[in-house]
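1. what follows is a predicted protein model with its sequence.
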Amino acid sequence: MDFFKGKVALITGASSGIGEGVALHLAGLGCRLSLTGRCGENLDRVAALCKEAGLTDAEILTIPADINNDVARKEIVEKTVDKYKDINVLINNAGMIHYRRVSNITPAEYDELFDTNVKSHVFLTQLALPHIIKTKGSIINTSSICGQKAMPEVGPYCMSKSCLDMFTQCLALEMAPHGVRVNAINPGTVVSNIARRLHGKYQDDELYQQFLETQASAHPLGRVALPGDCASAVAFLASDAASFITGQILFVDGGRNCIAAGVATNVKK
């Protein structure tokens, strides 16, 4: 897609998983990148891979930061604009999960979940909007199938992603008069680190592989997603091929959202 050559994409949660996949895909399309995440070492690793994909040092900016911090959010936008002058695409990808039910989540866990999955995106977007309006750019939020499908083992996480879906659609209506498009991707299970962090429940390698195998059978296409699957969807939504698409919730889930509760798939193993 020549559309991305010279464009600027700001990606949060870019140090692993979906964010890393999106960064590598856009790098291969010639998009200049501003990558932010909590782990500077991982950001450097992703930046090196983006250079292998064709970008130069001048086309990659890494900003280690915690987007839950007000000052950090401001610095992320300021550093991006100082380097590139513009922002064409904002990809709100950072996220976390607590494996908690509504009935047993603690106030601290609840606040952390909603601060990361909702609040940080709302207020980072506010800061970036003047620059995105200037370029008539687009915003893509990484949500989840859990935003539309109730899953009791992760109820508060589902609630946070449902909020992000509504944020996507409300902002799409607000920004339409400015020519700015806002969409979301809602993946099913993706091979990433989100379930393997300290707050996750699949830190053990064998347990995580068992989890992926179980999840594969829940997706009609018979596998879980790879970060590249999500990256392709993000690139489409950000490109001029989607110039008349806004306010959409795009499932990237191998058909999982089509399954009624309690109905097994017919995937052959």
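-> Perfect, I can see it now. On a predicted model such as this, the values are computed, not experimentally measured, just so you know.
2. spatially speaking, which residue is in the middle of the protein?
-> Nearest to the mean C-alpha position of the chain, by C-alpha atoms, centre = their mean, lies Asn93 at 2.5 Å.
3. which residues does that one contact?
-> 11-14, 18-19, 22, 141-142 (C-beta atoms under 8 Å, 6 or more residues apart in numbering). No exception for glycine: its C-beta is placed from N, CA and C like everyone else's.
4. ok, now with 10 Å
-> Contact partners of Asn93, counting by C-beta atoms under 10 Å, 6 or more residues apart in numbering, are 11-14, 17-23, 36-37, 121, 140-142, 185, 230, 234.
5. then Gly21?
-> Gly21 neighbours (C-beta under 10 Å, 6+ apart): 14, 46, 93, 190-192, 225-232, 234.
6. just flag the most distant two among the residues you listed.
-> Pairwise distances across these peak at 18.7 Å for Val46 and Ala225 (criterion: C-beta to C-beta).
7. tell me which of the contacts of Asn93 fall in strands.
-> Within those, residues falling in strands by DSSP state E are 11-12, 36-37, 140-142, 185.
8. list just the nearest of these to Gln169.
-> Closest to Gln169, out of all of those and judged by C-beta to C-beta, is Asn141, at 10.2 Å.
9. right, and the closest one touches Arg181 too?
-> No - Asn141 lies out of contact with Arg181 (C-beta atoms under 10 Å); the separation is 11.8 Å.
10. and for those two, which residues touch both?
-> Leu237.
11. which one of the two is surrounded by more residues?
-> Asn141 (27 against 24; other C-beta atoms under 10 Å).
12. is the more buried one bridged to anything, and to what?
-> For Asn141, the beta-bridge partners under DSSP bridges are Asn92, Ala184.
13. ok, it - contacts?
-> 90-93, 95, 117, 121, 125, 147, 161, 164-165, 167-168, 171, 182-186, 234, 237, 249.
14. how about Val81?
-> With C-beta under 10 Å, 6+ apart, Val81 has these contacts: 8, 10, 34, 87, 127-128, 130-131.
15. swap the cut-off to 6 Å and go again
-> His131 (C-beta atoms under 6 Å, 6 or more residues apart in numbering).
16. how about the one 3 residues further on?
-> Tyr84 makes contacts with 8, 32, as judged by C-beta under 6 Å, 6+ apart.
17. pLDDT wise, what is the residue nearest to Ala242 when sequence neighbours are not counted at?
-> Leaving out its chain neighbours, the residue that sits closest to Ala242 by C-beta to C-beta, 6 or more residues apart in numbering is Phe236, at 5.7 Å. Model confidence at Phe236, given as pLDDT, is 98.
18. equivalent analysis for Gly188, please.
-> 88.
19. so how far is Ser239 from the residue nearest to Cys31 when sequence neighbours are not counted?
-> Closest residue in space to Cys31, ignoring its immediate chain neighbours: Phe4 at 4.0 Å, by C-beta to C-beta, 6+ apart. Phe4 is 7 Å from Ser239, where distance means C-beta to C-beta, to the nearest Å.
20. then Leu10?
-> Applying C-beta to C-beta to Leu10 and Ser239 gives a distance of 16 Å.
21. the two: which is more packed in?
-> The neighbour count for Leu10 versus Ser239, taken as other C-beta under 10 Å, is higher for Leu10 (29 against 17).
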